[in-house]
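[1] Quick check, what structure comes out for this input:
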Amino acid sequence: MAADDEELERGADLQLAQRHKVIVAGVLHGKKLWEAGLHSPGTTGAATLSISTNGHLPKESNIVLQFPDTGWGMPPQPNVIIKASLGRPAPRAKAVWTGSTLTITTLDEDIEAGASLIIVVSGVSTPACATPSSELIATTLEQKVVRNTIPASFRGGQIIDGPTKVTIPTLAPGALLGTKRWAPFNACPSAVADVYLNFDTTGAIPNSGKILVELPTELGEANSGDDRKGGGWSMAAHPRVTVKLRPPGSSKVGLIATWLQDQHVLEVVVAEGAIPMHTSVQLTIAQVKNPATECPPTVARVTTLMNQGGGVIDGPAKVDVSRISELRECDIAAAAAAFQAQEPKDGMLPVSKVVLALALMSISQSEASLEGRIKVTSVEQPGDPVAPAPPKKGAVDVTPPPPKFKDFVHLDDYLNFFTTIYAPAFKFGEELRTIAGRGQGLDRMRELIQCGCDPNAKDGAGWAALHYAAEHGVLKAVNLLLEQPKLDLNARDVSGWTPLMCAASNGHVPVIARLLEMGADIAVQSAEGRTALHWAATRGMDAAVRMSSLHESIFIGMLFI
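    Take a look at the predicted model:
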């Protein structure tokens, strides 16, 4: 009988322990939205949950978020801040991330019924690639307390609000930013050179992620049946691609590339390491052959994506493709004509004739200066057609002389070099005229002229480099220009002014004397009918010595008319 009484007493204690208020679960309302601060693939940062409660949440309640299996992630114990409605206390909270579930526990304050909450979670990683709109399940629960009874009992743990669906907006691909450019190191048609591809990522490109480069297929006229068709870009089936990152990554990044010629697509896979979010990327693609004809600037497309499944991370984005060539097509044609004028054999010229071809383009080079700067092909030269004398009795065999080789240059290699050295006036004329007027950087001035920059090229006012040098009295620049055999000593601007008039009107006596010595025409008249002597007088030489010297120089010049 005593045993039965003990059993009844234990059952009564158990019923008392399990007795608690039954909660009828409500529904979370409000915005019901989960959104990352940078809501695009492959990013890491803060994310925000916006909800409004229905029931009262006592302290140490739980807010449980069950995420879809799309790749959301965060640290095991992320930092959490709860922002309550205006005027209401904001409770401190802690959080635990396990699998795809985030459990947030309030610590020291109740949350009243009907409170609008903004919960900010730090260190949240978005899915690696773009995903459509989805939902997470949010539930609020009271604290679950395990009681020290036999058998064990518990109280609490009831659902307060939920489960309620919370919207996760579409995770659209991010943008590729920065200077987006496909730039060959050598932009000459048919040139083979490294290419730089620059862009800035928004989302991280993980290990095994991919960079897809779609090159343009219509770049101008293309001849069917050759490598020009389809745009003309070509490279090895697996070109070598290296990468530079800013800021530098913490680990080495290795790439494997595949060129799909029929699609004009370059696929670059991150085989080692990863490329972080918000990183400036510069890819160097080795030995890419440019289209065979000159092409205007155009655009390519670049996309970063997952290798498995092809989910997009950033892009596609338009990337500027440099002009092929940076020179005008007429300059390339003129250089090719200068090459052909030297009567190449089998499409090649000896280096000595390459010097002559460059000279036709006003480029001053020598065989010695070309050594190591232009690609050459060594061709074995035939030996002397002299029959060897019959060996004498007892004579020792003589080893034949080694074959002789001579260096030749193919047209493509010549054009490649031409594009790297040629300094046409339409690009460098302003720099040449500026140096002539300032007198600073005369070595650069000489280099420009030697590389084909026409010293007679004029600006919009009709001034050539000699006008500027004479106007500012830069005798060294005048002397350098006078060394050029094709210099127009009496070049006239739109008002009919010559360099001699410019020097005379400013009283630059040494320059006047030098120009007269080289044959400048003192009788040339401007559009107003005045000569250099007239301009010297009207501009007012206030120093008698300078005036006397000027008149003496001009008078001497007039004696030779």
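[2] List phi and psi for the closest residue to Asn186 other than its chain neighbours.
    In space, and not counting its chain neighbours, Asn186 is closest to Ala193: 3.8 Å by C-beta to C-beta, 6 or more residues apart in numbering. (Each C-beta comes from the backbone N, C-alpha and C, glycine too.) Main-chain torsions, Ala193, degrees, to the nearest 10: phi -160, psi 170.
[3] where does the chain have low pLDDT?
    For the chain, the stretches with pLDDT under 70 are 1-22, 86-87, 145-156, 218-231, 326, 329, 383-401, 538-561.
[4] For beta bridges, what are the partners of Leu305?
    On the basis of DSSP bridges, Leu305 is bridged to Lys210, Val312.
[5] Next, count neighbours for it.
    Other residues near Leu305 come to 24 when the count uses other C-beta atoms under 10 Å.
[6] Use 49 as the first number for this chain going forward.
    Happy to do that; since the first residue is 49 now, the last one works out to Leu353.
[7] List the contacts of it.
    Contacts for Leu353 (C-beta atoms under 8 Å, 6 or more residues apart in numbering) come out as Cys177, Gly257, Lys258, Leu260, Gly359, Val360, Ile361, Gly363.
[8] For those residues, pick the one with the most neighbours.
    Counting neighbours by other C-beta under 10 Å, Ile361 leads these with 30 neighbours.
[9] coming back round to it: now render the contacts of Leu353 as a markdown table, adding distance to Val316.
    Shown next, in a markdown table, are those (distance: C-beta to C-beta, whole Å):
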| residue | distance to Val316 |
| --- | --- |
| Cys177 | 17 |
| Gly257 | 10 |
| Lys258 | 7 |
| Leu260 | 8 |
| Gly359 | 17 |
| Val360 | 15 |
| Ile361 | 13 |
| Gly363 | 13 |
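[10] Out of those residues, the closest to Leu219 would be?
    Comparing the contacts of Leu353 against Leu219 with C-beta to C-beta places Cys177 closest, at 8.2 Å.
[11] Leu418 versus that closest one, what's the distance?
    Distance, Cys177 to Leu418, by C-beta to C-beta, to the nearest Å: 52 Å.
[12] what do you get for Leu408?
    Using C-beta to C-beta, we find Leu408 at a distance of 15 Å from Leu418.
[13] try Cys550
    38 Å.
[14] residues touching the residue at minimal distance from the centre of the chain, list them.
    With distances taken as C-alpha atoms, centre = their mean, Asn246 lies nearest the centre of the chain, 2.7 Å away. Taking C-beta under 8 Å, 6+ apart as the criterion, Asn246 is in contact with Gly226, Thr227, Lys228, Arg229, Ala231, Ser328, Val329, Gln330, Leu331.
[15] mind listing what whatever helix or strand it lives in pairs with, with the direction of each?
    Using DSSP states H and E, Asn246 falls within strand 240-248. Using DSSP bridges, the strands paired with strand 240-248 are strand 225-232 (antiparallel), strand 328-337 (antiparallel).
[16] Now it: buried residues?
    Under the neighbour-count criterion of 16 or more other C-beta atoms under 10 Å, strand 240-248 has Val240, Ala241, Asp242, Val243, Leu245, Asn246, Phe247, Asp248 buried.
[17] next one: stretch 256-266
    Across stretch 256-266, burial judged by 16+ other C-beta under 10 Å covers Gly257, Lys258, Ile259, Leu260, Val261, Glu262, Leu263, Pro264.
[18] For Arg136, which three-state class applies?
    In three-state terms, and counting by DSSP: H, G, I helix; E, B strand; the rest coil, Arg136 is coil.
[19] With neighbour numbers in mind, choose between Leu408 and Leu418.
    Leu418 (19 against 14).
[20] Could you confirm Ile402 falls within a helix?
    Ile isn't right for residue 402; it's Val. Yes. Judged by three-state DSSP, Val402 forms part of a helix.
[21] since we're on the closest residue to Val301 other than its chain neighbours, how many residues are nearby?
    Leaving out its chain neighbours, the residue that sits closest to Val301 by C-beta to C-beta, 6+ apart is Gly321, at 4.1 Å. Burial of Gly321 is recorded as 18 neighbouring residues (other C-beta under 10 Å).
[22] Quick check: Gly321 vs Ile253, distance?
    The gap separating Gly321 from Ile253 is 10 Å, by C-beta to C-beta.
[23] surely Asn527 meets Ala561?
    No. Taking contacts as C-beta atoms under 8 Å, Asn527 lies outside contact range of Ala561: 11.8 Å.
[24] quick one: buried residues of stretch 147-156?
    By 16+ other C-beta under 10 Å, the buried positions in stretch 147-156 come out as Leu150, Thr151, Ile152, Thr153, Thr154.
[25] Same question for stretch 524-532.
    By 16+ other C-beta under 10 Å, the buried positions in stretch 524-532 come out as Ala525, Val526, Leu528, Leu529, Leu530, Gln532.
[26] Check stretch 219-231 too.
    Of all the residues in stretch 219-231, those buried under the rule 16+ other C-beta under 10 Å are Leu219, Pro221, Gly222, Leu224, Gly226, Lys228, Arg229, Trp230.
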